[in-house]
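Enquirer: How does the following fold in three dimensions:
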Amino acid sequence: MERAEIIAKGKVQGVGFRNYVYINAIDLDLKGYTFNLKNGNVLTLVEGEKEIIEKLIKFIKKGNTLSIVEEVDVTWNSPTGEYHDFIVKK
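Expert: Numbers count the residues shown, from 1 in each chain. Below is the predicted model of the structure:
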């Protein structure tokens, strides 16, 4: 198990990006959340198998049809096991 903090930068707010991340994370059975940051970026904190998280990172880098993902930063950490599902934080 791994934990990744993923920050997507670019045109990622107001375009359905968090819902896109949510759908893909649920499909991959990952746990955690996605959240709009005040600076216009989107933070996704996720726990699961590294190979599965890397699949989500590919989806995030691609973005949905309305987003323009310019950069994705990933920080890997040890999992805490505190998440039991995946949610969109408001």
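
Enquirer: Show me where this protein has its strands.
Expert: 2-11, 31-36, 42-48, 68-77, 86-89 (DSSP state E).

Enquirer: and the closest residue to residue 17 other than its chain neighbours, how many neighbours?
Expert: Once flanking residues are discounted, residue 17 sits nearest to residue 67: 4.7 Å by CB to CB, 6 or more residues apart in numbering. All C-beta atoms are positioned from the backbone trio N, CA, C, and that covers glycine. Neighbourhood size, residue 67 [other CB atoms under 10 Å]: 21.

Enquirer: surely residue 67 meets residue 12?
Expert: Yes: counting by CB atoms under 8 Å, residue 67 does reach residue 12; the two are 5.2 Å apart.

Enquirer: Where does pLDDT dip in the protein?
Expert: In the predicted model of the chain, no residue satisfies pLDDT under 70.

Enquirer: Need the winner for burial among the strands of the chain.
Expert: strand 42-48 (a mean of 23; mean count of other CB atoms under 10 Å).

Enquirer: Listing partners with orientation, what would you give for it?
Expert: Strand 42-48 sits in its sheet next to strand 2-11 (antiparallel), strand 31-36 (antiparallel), going by DSSP bridges.
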